[in-house]
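**Q** Predicted model, plus sequence, below.
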Amino acid sequence: MAGAKNHDYHILPPSPWPLLTAFSALALASGLIMFMHSVPYGKLLLPVGLLLTVSMMGFWWADVIKEAHAGDHTPVVQLHLRYGMILFIASEVMFFVGWFWAFFDASLFPKAVEAVGGVWPPKGIEPLNPFKFPLLNTLILLCSGTTVTWAHHSLIHGDRKGLKQGLWCTILLGLLFSSIQAWEYIHAPFAFKGNIFGATFFMATGFHGFHVIVGTIFLIVCLIRAYKGDFTPRQHFGFEAAAWYWHFVDVVWLFLFLSIYVWGGWGATYAG
C-alpha cells in the first residue's frame, strides 16, 4: 500500500520548533553579548531571549513526549535517542576538559604565568579548605547518585512509589548542593577577577554548578511525569537520560574536588 510504514524508523512531520529555537538561541546569545559589553537594550534582550529559548525547548520536548505516547518511539528509535544522549554527554566532557586544561596549565607551569609568581596557589591566595563544605558537597552528590539509581531500579521493577521517593531525595540533595555552593561563592576569600586561580576556580566549578541546576530541573520534570504515569518499565528514556546526565555531573564533581580543591590547594594555608 502506498504510504504504508514498513520500517521501524520515525519520519518526523514538519515542525516549527527547530527554526524558532535557533532564532531564540540567537536572541539569547546576542542579548548576553550586548549585556557583557554594556550595549543598550542588552538587559532587555537577554531575558527575552532566555524566555523564548526555554519556551521553545519546552514545546519541542512536549512534542517528543507526545510521539512516545503515540507509539512512534520504536526500539530502533529509542536506541538512536540513547546514541544522541551519549554523544551529548561526550560533548559535555570535552567542554569540561577545556576548563581542566586551563587549570592544570596554570598550576603545573606557574612560571609561565607572570601573575602567578612562580608558585601555586599564587602568592596572596588562600584556597578554600577542601575538607569542609567541598567534602560535604562531595558526599551529597555521591548520595544523590545512589538515590537516582534507587529510583531507576524501582521504575524497572514497577515500583512507582520507590521511583517517586528516589526522585524526591535526589532533587532535594541537588538543591542542597546548589545552596551550599552559593554560600561558598559568597564567602570565597578570592575574587573571579585579577588572578588565574580565581578565574579557573569559578569557571570550572561555576559551570558544574550550572549543570547541577539543569540536572535538578531535568529530574523535576521527570518527577512530574512520574506522577502523571508517563514512564513504564519498558519505555522510560526520558528518565534514563536524566539519570545518565546526573551521574555525569557526579563524576565531573569528583574530578573537580580532587584536582582543584584538594590538589590545587595542597600545601597552602587554607582560608578560615
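**A** Noted; the coordinates are in hand. Numbering: from 1, shown residues only.
**Q** residue ranges with poor pLDDT in the stretch 51-200 of the chain?
**A** 112-117 (pLDDT under 70).
**Q** can you give me the helices for it?
**A** For the stretch 51-200 of the chain, helices defined by DSSP state H, counting those that start in this stretch occupy the ranges 75-108, 133-156, 160-186, 196-228.
**Q** got TSV for these, with distance to residue 118 and mean neighbour count too?
**A** Bear in mind the C-beta positions are built from the backbone N, C-alpha and C, glycine included. Below are the helices of the stretch 51-200 of the chain laid out as TSV (distance: least, C-beta to C-beta, whole Å; neighbours: other C-beta atoms under 10 Å):
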stretch	distance to residue 118	mean neighbour count
helix 75-108	12	14
helix 133-156	26	19
helix 160-186	28	17
helix 196-228	13	19
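**Q** Against residue 218, how distant is the residue nearest to residue 125 when sequence neighbours are not counted?
**A** Of all residues not flanking residue 125 in the chain, residue 197 sits nearest, at 5.0 Å (C-beta to C-beta, 6 or more residues apart in numbering). Noted for residue 197: a distance of 31 Å to residue 218, by C-beta to C-beta, to the nearest Å.
**Q** Show me what the helix or strand harbouring residue 248 is packed up against.
**A** Using DSSP states H and E, the element containing residue 248 is helix 237-256. Secondary-structure packing of helix 237-256 (3 or more C-beta pairs under 8 Å, 6 or more residues apart in numbering; DSSP states H and E): helix 42-69, helix 75-108, helix 133-156, helix 196-228.
**Q** Redo those as CSV? Include distance to residue 127.
**A** Putting the helices and strands packed on helix 237-256 into CSV (distance: least, C-beta to C-beta, whole Å) gives the following:
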stretch, distance to residue 127
helix 42-69, 33
helix 75-108, 11
helix 133-156, 10
helix 196-228, 7
